[in-house]
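S.K.: curious how this folds, go ahead:
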Amino acid sequence: MGGQDEEILQFQANLRRINEGYVMFILCTVGVMGNILAFLTFSSKLVRNTTTSLYLRALAIADIIVLTTAVFRYKTYKLFLDESHELDTVFHFDAYSEVYIEPLHWIALGSSSFITIALSFERYLAVRFPLIIKRKCTTCTVMLCIFLVVGISVVISIPNYFSYKLVHFNFFGEEIAVATLTDMGKSSLYPCIYHNYLIPVLWYIIPAALLSVINILLIFLVQKSSRIRVGVPNTLNSNRKLTVMIIFILLVYIICNLPKCIFMFYKIVNQMTNKNECTDITNKIDAPQTKAYLIIEVITELLNVLNSCLNFCVYCLVGTRFRTELVRILLCRWMTRQDLVLINGSYQTSSIRRGATS
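M.R.: Okay, the predicted model is just below:
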């Protein structure tokens, strides 16, 4: 190995320690907390019975799993370990993470993308055909749709569990675990196709393209139907804010995943010109890359994780009803006998007991 390769590998190690250690830990921690609050808010009595709330609860669960498993996929937890304990994780834990936790990360990431597509499509139909959707789109229909898209992610990803296995062997008197390809993984092209074609195309490129189209259509429909009645300039459509919130969710998804889509598309083209690269990646043989390549890869990974953190910010900025319920949930322990009332856009407390009448 030349001096230049050693320099790049050292640069890669330092870059990943900053990205997958400090930055990723902050994003995952804050993101999990935000999604938990979002799930609790959308589960409250006043908003949980809507189909949109059902989608957003499912999206929050998927994002929680994405962020939690990202801690193990990117080995963020090693930030808190000293050198000896980090070596122990390499010998005894990393293989389990690669075989069992990493596939769960891809299932959750695919589910998050597919749920976002289903949510955006439902909102488009609700704006385009409001009367039909009001009758046909029930909570049962939405539940079925959510189970369907999650099932698709599971079916596509489940063979990954059978492509790798744990092998234990003795290394200078210490038993260590290593992830290796199974007979199925060696004899089939599935691991290669899954990691190098299915995930880039189905998890990133197609969702980003579909959501871009749906978002443009939604923006056009919102502009067209922003008023309830012709000739009444100050009367806004009651569903307009909800649609605007969905538009912002889609914009966040597109902005965070567009660099990843471009990067993945580049890798696909590169793999088509290099026949051995697909097999090398499947067998976890990583060739040294340029510094620019490594920086771009790190940025796309951060943006990909950031997407699972920002929905909560969108809810707080755009969702008036969400903010009302969130404040009520956060203050419920200190306001056991008070009601939170939204008056002229500001929160005030009422001393009226719950259930009491004037």
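
S.K.: pLDDT score assigned to residue 223?
M.R.: Residue 223 carries a pLDDT score of 81 in this model.

S.K.: what's downstream of the helix or strand containing it, the next helix or strand?
M.R.: Per DSSP states H and E, residue 223 falls inside helix 206-224. The C-terminal neighbour of helix 206-224 among helices and strands, as given by DSSP H and E, is helix 240-273.

S.K.: flag every buried residue along stretch 133-152.
M.R.: 133, 137, 142, 145-146, 149-150 (16 or more other C-beta atoms under 10 Å). Backbone N, C-alpha and C define where each C-beta goes, glycine included.

S.K.: nearest to residue 323, of the residues you listed?
M.R.: Among those, residue 142 lies closest to residue 323 (C-beta to C-beta), at 23.6 Å.

S.K.: before we move on, what's the pLDDT of the closest one?
M.R.: So, for residue 142, pLDDT stands at 92.

S.K.: could you do residue 355 as well?
M.R.: 41.

S.K.: also residue 342?
M.R.: 41.

S.K.: from the buried residues of stretch 133-152, which is closest to residue 224?
M.R.: Among the buried residues of stretch 133-152, and counting by C-beta to C-beta, the member closest to residue 224 is residue 133, at 16.8 Å.

S.K.: rewinding a little: need the buried residues of stretch 133-152 in TSV with distance to residue 205 and secondary structure, can you?
M.R.: Shown next, in TSV, are these (distance: C-beta to C-beta, whole Å; DSSP: H, G, I helix; E, B strand; the rest coil):
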residue	distance to residue 205	secondary structure
133	28	helix
137	28	coil
142	26	helix
145	22	helix
146	23	helix
149	17	helix
150	20	helix
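
S.K.: now, which of these sits nearest residue 14?
M.R.: Nearest member of the buried residues of stretch 133-152 to residue 14, counting by C-beta to C-beta, is residue 150, at 37.7 Å.

S.K.: from what I see, that closest one and residue 111 are in contact.
M.R.: Yes - counting by C-beta atoms under 8 Å, residue 150 sits close enough to residue 111 to count as a contact (4.7 Å).

S.K.: which residues do those two both contact?
M.R.: Common neighbours of residue 150 and residue 111, counting by C-beta atoms under 8 Å, 6 or more residues apart in numbering, are 58, 62.

S.K.: what stretches of the stretch 151-300 of the chain score poorly on pLDDT?
M.R.: 187-188, 225-238, 271-288 (pLDDT under 70).

S.K.: now with 50?
M.R.: 228-236, 285 (pLDDT under 50).

S.K.: what segments of the chain are strands?
M.R.: In the chain, the strands defined using DSSP state E lie at 164-171, 174-181, 339-343, 346-350.

S.K.: strands paired with the second one, and their directions?
M.R.: Translated: strand 174-181. strand 164-171 (antiparallel) (DSSP bridges).

S.K.: the partner strand: which residues count as buried?
M.R.: Applying a neighbour-count criterion of 16+ other C-beta under 10 Å, one finds 164-165 buried in strand 164-171.

S.K.: so which residues make contact with that strand?
M.R.: Here strand 164-171 has contacts from 91, 95-96, 98-99, 175-182, 185, 191, using C-beta under 8 Å, 6+ apart.

S.K.: stretch 41-52 too?
M.R.: Residues from elsewhere that reach stretch 41-52 (C-beta under 8 Å, 6+ apart): 53-54, 56-57, 60, 119, 122-123, 137-139, 141-142, 242, 246, 315, 321-322, 325-326, 328-329.

S.K.: just the buried ones from those?
M.R.: Buried among the contacts of stretch 41-52 by 16+ other C-beta under 10 Å: 53-54, 56-57, 60, 119, 122-123, 137, 142, 242, 246, 315, 321-322, 325-326, 328.

S.K.: show me those residues that map onto helices.
M.R.: Among these, the members falling in helices (DSSP state H) are 53-54, 56-57, 60, 119, 122-123, 142, 242, 246, 315, 321-322, 325-326, 328.

S.K.: for residue 17, give its distance to residue 75.
M.R.: The spacing between residue 17 and residue 75, counted by C-beta to C-beta, to the nearest Å, is 10 Å.
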